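S.K.: Structural data only, the sequence is not supplied:
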């Protein structure tokens, strides 16, 4: 059949000549190539000391955000937990008491907020679901650990540091 | 036999034994480093400066791993396999001459554990014993992949011992001696056998790769087909022994190749250096030169491993029986004719 594009390449299958059948020239050629690679610059990134540059939309560890006045934005609506396909997020809601207005922005807040990092698939759906812009996956790589229970991150690890601490 | 002689031999054998173990230990690091460098990586570099203590860490890991002996295996043979493999690997270095006679504490000491007059045959015997460890280990595992690996190891070793022996015969026509010490002495200076037997050396080199089960002839432990080959069922230090035996074998066969074809401890200008350094340090320098040659061969082994893909099994057999054996026989005939012509019948 006629080829419509000119991209088809017909390979000619000639029988190998004497030098090709000896293999040795080909072996020496290959060995010269690998030897040259010994002196090439190495591609390795020494990970814990040096970090590879991440792309702008890279999704890492979650962080629970605060607003301009340093109050937690999360209102414990549960939409993130609902949207999570891996069922990694749980939370317990509580009502804001008098005198806590500087801590929480809305009348309802998350008393506990836990993400199981072993379940999380870093899809970013929680980020998309959040109506309060309270959760973002903008952190570093989640570090390795020895025990399963240590992968359940609570508010102590997730909530952003208060502004006062950052400016210190 | 005087007591000093016994002490001298005991010390020398201990030194050589520990030296070959040390070289084999650091070969594992060298292998990983060279593999990494050939692939534009850096290799292990965390344990100690530049990864210097990586072999120690590996050894400790091997010892601490859980030891698993399959229920259906033959327990005695299962343990005998790796033990035999490492034993035969270690005794090969006994006949290798490491240097000229050395003057030490007013005594003349031969830098060779024993100079038996059939040194080459001894090496051959030990090398062919080496496959028994693999065969016994593979068979005792009671696993079809192990058995396949063991069968492959056996048939491969048998096939490649023939051209190896034939390539040696051509060399023996030249040297008129089976003693490795004599062969080394004859290559004084730059009078190396490789210049007279280039084809023989090539055949010997290929066979040495096959005998030590190194890539491209590592079909007994071919991961892509046989899981782990003969050591599929092994764990802990018994696996370590199998892997370690391979590196000791590599060291010994490098030493044999350096002695037979590359002049052993001989190097150009050695008479001048011996006069300069005296009877103690001159032979030591020769020993250093031999070790340089051995390291060059070990590097070559690794360089080939990370360049050339594995043979298919029928290709392996074709190469052994249809190419190397006829070549080796032709080499014998040519060598014999040339020697007859030069010596005038």
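M.R.: Arrived safely. All values derive from a computational prediction rather than experimental measurement. Numbering: from 1, shown residues only, chains lettered A, B, ... in the order given.
S.K.: Could you give the number of residues near whichever residue of the stretch 201-345 of chain B sits closest to chain A?
M.R.: When distances are taken as C-beta to the nearest C-beta, the stretch 201-345 of chain B reaches nearest to chain A at residue B:307, 4.5 Å away. C-beta coordinates here come from the backbone N, C-alpha and C atoms, glycine included. By the criterion of other C-beta atoms under 10 Å in any protein chain shown, residue B:307 has 20 neighbours.
S.K.: same question, the one 5 residues further on
M.R.: Number of residues near residue B:312 (other C-beta under 10 Å) recorded here: 11.
S.K.: Which strand or helix spans the residue nearest the centre of chain B?
M.R.: Residue closest to the average C-alpha location in chain B (C-alpha atoms, centre = their mean): residue B:253, at 2.2 Å. Using DSSP states H and E, residue B:253 sits within helix B:236-261.
S.K.: Tell me the buried residues in the helix or strand following that helix?
M.R.: Later in the chain than helix B:236-261, the nearest helix or strand by DSSP H and E is helix B:270-305. For helix B:270-305, burial by neighbour count (16 or more other C-beta atoms under 10 Å in any protein chain shown) applies to B:270, B:274, B:282-287, B:289-291, B:293-295, B:297-298, B:301-305.
S.K.: who does the helix or strand residue B:120 falls within touch, helix- and strand-wise?
M.R.: For residue B:120, the host element (DSSP H and E) is helix B:119-140. Applying 3 or more C-beta pairs under 8 Å, 6 or more residues apart in numbering or on different chains; DSSP states H and E, we find helix B:119-140 packed against helix B:75-91, helix B:144-175, helix B:180-186, helix B:236-261.
S.K.: Turn these into TSV, columns for distance to residue B:42 and mean pLDDT.
M.R.: Below are these laid out as TSV (distance: least, C-beta to C-beta, whole Å; pLDDT from 0 to 100):
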stretch	distance to residue B:42	mean pLDDT
helix B:75-91	30	88
helix B:144-175	32	88
helix B:180-186	38	84
helix B:236-261	21	88
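S.K.: Figure out which of the ones you listed is closest to residue B:55.
M.R.: helix B:236-261 (10.0 Å; C-beta to C-beta).
S.K.: could you check the angle helix B:75-91 makes with the closest one?
M.R.: Using axes from the mean of the first three to the mean of the last three C-alpha atoms, to 10 degrees, the inter-axis angle of helix B:236-261 relative to helix B:75-91 is 30 degrees.
S.K.: helices and strands around helix B:236-261, which ones?
M.R.: Counting contacts by 3+ C-beta pairs under 8 Å, 6+ apart, helix B:236-261 packs against helix B:3-38, helix B:54-64, helix B:75-91, helix B:119-140, helix B:144-175, helix B:180-186, helix B:198-211, helix B:270-305.
S.K.: tell me the contacts of the closest residue to residue B:117 other than its chain neighbours?
M.R.: Closest residue in space to residue B:117, ignoring its immediate chain neighbours: residue B:179 at 4.9 Å, by C-beta to C-beta, 6 or more residues apart in numbering or on different chains. Counting by C-beta atoms under 8 Å, 6 or more residues apart in numbering or on different chains, residue B:179 touches B:115, B:116, B:117, B:118, B:119.
S.K.: redo that, cut-off 10 Å
M.R.: Neighbour list for residue B:179: B:95, B:97, B:112, B:115, B:116, B:117, B:118, B:119, B:120, B:185 [criterion: C-beta atoms under 10 Å, 6 or more residues apart in numbering or on different chains].
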